[in-house]
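**Student:** after the sequence you'll find the predicted model.
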Amino acid sequence: MSISLLAVQNLKKAYGSRNLLNGVTFNINNGEHIGLIGRNGAGKSTIIRIISGIEECDSGEVTYMPQLRLGYLEQHEDFLSEDTVMSYLKRKSDKPDWMCAKMAGTFQLKKEILEKRILTLSGGYRMRVKLSALLLQDPNLLLLDEPTNYLDLQTVLLLEHFLASFHGSFIIISHDREFLKNTCKITLEIERGTIERYEGDVEEWLSYKEERRIEIERHNKNIESQRKHMQEFVDRFRAKASKATQAQDRLKRLAKLEKIDIKQPLKTARIHIPQSNTRKGTVLRLQNLAIGYNEHTIAEHIEMEFNRGDHVAVLGENGQGKSTLLKTLSGRIPLLHGHVRWAHKLNIAEYAQHVHEALDGTETVGNYLSRHGDGLLQEDVLRMAGNFLFSIEDLDKTCHMLSGGEKARLCLAGILLQKPDVLLLDEPSNHLDMETVEALGQALTEWHGTLFFVSHSRTFVNLLASSIIDINNGNVYRYPGNYEEYVWELKRKLELYPSSEEVHNQYRSLEASPKKSARAERYEELKRKRQQATKLEKQLTELGIEKRKLMDEVIANPNDFSVERNRRLSTIDTIIHHTEDEWLKLQDAMWKSELE
């Protein structure tokens, strides 16, 4: 039986003449993992702030049950200059050292990191500290508003792993579909001031929503057809005495036929990027490059070459130099040593991480776009404005009137109006809603230009990356696999997967007590399949060990290119793929046999 923790009833909230929330009602029960989605400005963060008590509603009620222990992850930082990780956790939770250390270990905050001053840590590690402090207070309902913003992939994976196994409840706002899909089993969507609840993840909800729209359209079309047919009958036979009764009956039935109201779908960004020059060849060479600030070297001995049309994801922990590399490539900060050699006559455009904060608040949207589209026809500027959801009326708004998401869209539109050959994008998905992030990703996928980008959104990276460079402990190297393999390897290093031995022992323990079959031959067949599956598992374990050794060689010697090693890695991947397919077929066959 579900235990209710919190009830939201008929919440209403307006800002000036705009009704943001118009009767929002929902419950949260113990153990529910909820993803809250909706467009920018729909009211997601407002709901979270009202529940947490930071903001008041105009009317309605939030009922907190006696058993509720609310935990809210605040956006601002309250670290003192002298706070170490351990002293902060003890101060915030009033828990003993061992308990603080145990919780911190959940987020890989161990040993010497516990004694480091927090303000010397990267943003990702600071978020890990804040999460540890929050969880030490033992909440059973977490409120997380865009917790993955500005986080490195390592911290996102640790948070994702923790939340997936969290026994309490949480409600998360996120624009990353992959993160929501891996953590949330219930979806709430706020649209036009009201909210809908769906007992399934975000992908299931969006599929159901589309199917429902198609079904309603089919229903309405059928109703319209019936109406037309009945009306024709009534018009033909109303005056005839022999048909008058039937005509009246049809009129009554006609009056009862009702269409289901379909709300017009909200506008979605229709992003079009003008195609750049499609010439082939090398676009960039990095020769003995060292990057950093003043006397502080972040990474050095960088030797790389990129081709026109490459879409390169720059990955690594926060503080390792991802943004520094992009700023060096754009020329915004000087390189410390070596050479950055771009091909000739390239138009390079950059979207910096906090570029929207530098907008002139007094400049209008229309003037900003016209200035960046200098030399273009006005209709091209207006088309780009519309693609990023700016109406004709919006063009007269000044930048200080815009939300964070609107400012981010404006800056992206301005950059694309420059018709770049090369785009350098640092966290472009921050402040954008899920639909706009995916529209931008799709547009960039179809774009032939060269792209270097940093993003914490797994959906965005997975959609775009044709190549990966990883920055780690002063080394910059080309990752030989794809993004999914990169995530898998990172999970292994973070120990988020059980070891091969643990998986094998678990399987053997299940094998020790086989389900009894009514027929001896069926049992013998099942036993044979188990033995075959065990052999395949052993083969996969050995292949995985060999692959990890080769990958460690690549990481240890990033500049040592080996054709033979890369060929062996490719062969191993192919063998693993086919072996896993065979193992899965065996598992399916065994499962069906045990059900018989």
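**Tutor:** Received the coordinates, thanks.
**Student:** and Pro428, how far from Val554?
**Tutor:** Applying CB to CB, to the nearest Å, the value for Pro428 to Val554 is 28 Å. (Each C-beta comes from the backbone N, C-alpha and C, glycine too.)
**Student:** ok, these two, which is more surrounded?
**Tutor:** Pro428 (25 against 20; other CB atoms under 10 Å).
**Student:** what segments of the stretch 101-250 of the chain are helices?
**Tutor:** For the stretch 101-250 of the chain, the helices defined by DSSP state H, counting those that start in this stretch occupy 123-136, 153-164, 177-183, 202-237, 241-256.
**Student:** going by mean pLDDT, which of the ones you listed comes out lowest?
**Tutor:** For the helices of the stretch 101-250 of the chain, mean pLDDT drops lowest on helix 241-256, to a mean of 62.
**Student:** who does the helix or strand following that helix pair up with?
**Tutor:** Downstream of helix 241-256, the first helix or strand assigned by DSSP states H and E is strand 282-293. When sheet partners are counted by DSSP bridges, strand 282-293 sits next to strand 296-307 (antiparallel), strand 337-342 (antiparallel).
**Student:** please identify the most buried of those strands.
**Tutor:** The highest mean neighbour count among these belongs to strand 296-307 (a mean of 16), with neighbours defined as mean count of other CB atoms under 10 Å.
**Student:** by contact count, what packs against the following helix or strand past that one?
**Tutor:** Reading on from strand 296-307 to the C-terminus, the next helix or strand found by DSSP H and E is strand 311-315. Where contact means 3 or more CB pairs under 8 Å, 6 or more residues apart in numbering; DSSP states H and E, strand 311-315 is packed against helix 322-330, strand 450-454, helix 458-464, strand 467-472.
**Student:** surely Gln442 touches Thr459?
**Tutor:** No. Contact between Gln442 and Thr459 fails when scored by CB atoms under 8 Å: they sit 11.0 Å apart.
**Student:** can you redo the strands paired with strand 282-293 as TSV with mean pLDDT and distance to Glu189?
**Tutor:** Output for the strands paired with strand 282-293, formatted as TSV (pLDDT from 0 to 100; distance: least, CB to CB, whole Å):
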stretch	mean pLDDT	distance to Glu189
strand 296-307	91	40
strand 337-342	93	44
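**Student:** okay if I get these as TSV plus distance to Lys221?
**Tutor:** Converted to TSV, the strands paired with strand 282-293 look like this (distance: least, CB to CB, whole Å):
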stretch	distance to Lys221
strand 296-307	50
strand 337-342	56
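**Student:** for Leu417, find the nearest of these.
**Tutor:** Evaluated over the strands paired with strand 282-293, closeness to Leu417 peaks at strand 337-342, with 21.2 Å, by CB to CB.
**Student:** how about the CA coordinates for the closest one, as CSV?
**Tutor:** Extracted as CSV, the C-alpha positions of strand 337-342 are listed here (Å, rounded to 0.1, in the frame of the first residue of the first chain):
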residue,chain,number,x,y,z
HIS,A,337,52.9,26.8,-26.4
GLY,A,338,52.7,25.1,-29.8
HIS,A,339,50.4,25.8,-32.7
VAL,A,340,46.6,25.9,-33.5
ARG,A,341,46.4,25.9,-37.3
TRP,A,342,42.9,26.3,-38.9
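**Student:** list of residues touching that strand?
**Tutor:** Contacting residues not belonging to strand 337-342 are listed as 283-290, 300, 302, 328-329, 331, 348, 422 [CB atoms under 8 Å, 6 or more residues apart in numbering].
**Student:** quick one: it to helix 322-330, angle?
**Tutor:** 70 degrees (axes from the mean of the first three to the mean of the last three CA atoms, to 10 degrees).
**Student:** which helices and strands does the helix or strand immediately after strand 337-342 in the chain pack with?
**Tutor:** Per DSSP H and E, the first helix or strand lying C-terminal to strand 337-342 is strand 348-351. If contacts are counted by 3+ CB pairs under 8 Å, 6+ apart, strand 348-351 sits against helix 322-330, helix 404-416, strand 422-426.
**Student:** now the next helix or strand after strand 348-351, how far from the chain's geometric center?
**Tutor:** Beyond strand 348-351 on the C-terminal side, the first helix or strand identified by DSSP H and E is helix 365-372. The chain centre lies 30 Å from the centre of helix 365-372; the measure is CA atoms, centre = their mean, to the nearest Å.
**Student:** can I get helix 365-372 in PDB, CA atoms only?
**Tutor:** Coordinates of each C-alpha in helix 365-372 appear next as PDB, following Å, rounded to 0.1, in the frame of the first residue of the first chain:
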ATOM      1  CA  VAL A 365      15.700  41.200 -29.600                       C
ATOM      2  CA  GLY A 366      15.100  42.500 -33.200                       C
ATOM      3  CA  ASN A 367      18.200  44.700 -33.100                       C
ATOM      4  CA  TYR A 368      20.400  41.900 -31.700                       C
ATOM      5  CA  LEU A 369      19.400  39.600 -34.500                       C
ATOM      6  CA  SER A 370      19.700  42.200 -37.200                       C
ATOM      7  CA  ARG A 371      23.200  43.100 -35.900                       C
ATOM      8  CA  HIS A 372      24.400  39.500 -36.000                       C
END
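**Student:** for the residue nearest the centre of the chain, give me its contacts.
**Tutor:** Central residue of the chain (CA atoms, centre = their mean): Asp176, 1.7 Å from the mean position. Residues near Asp176 by CB under 8 Å, 6+ apart: 148, 429, 434, 437, 456-460.
**Student:** between the strands paired with strand 282-293, which gets nearest to Phe166?
**Tutor:** Phe166 lies closest, by CB to CB, to one member of the strands paired with strand 282-293: strand 296-307, at 35.1 Å.
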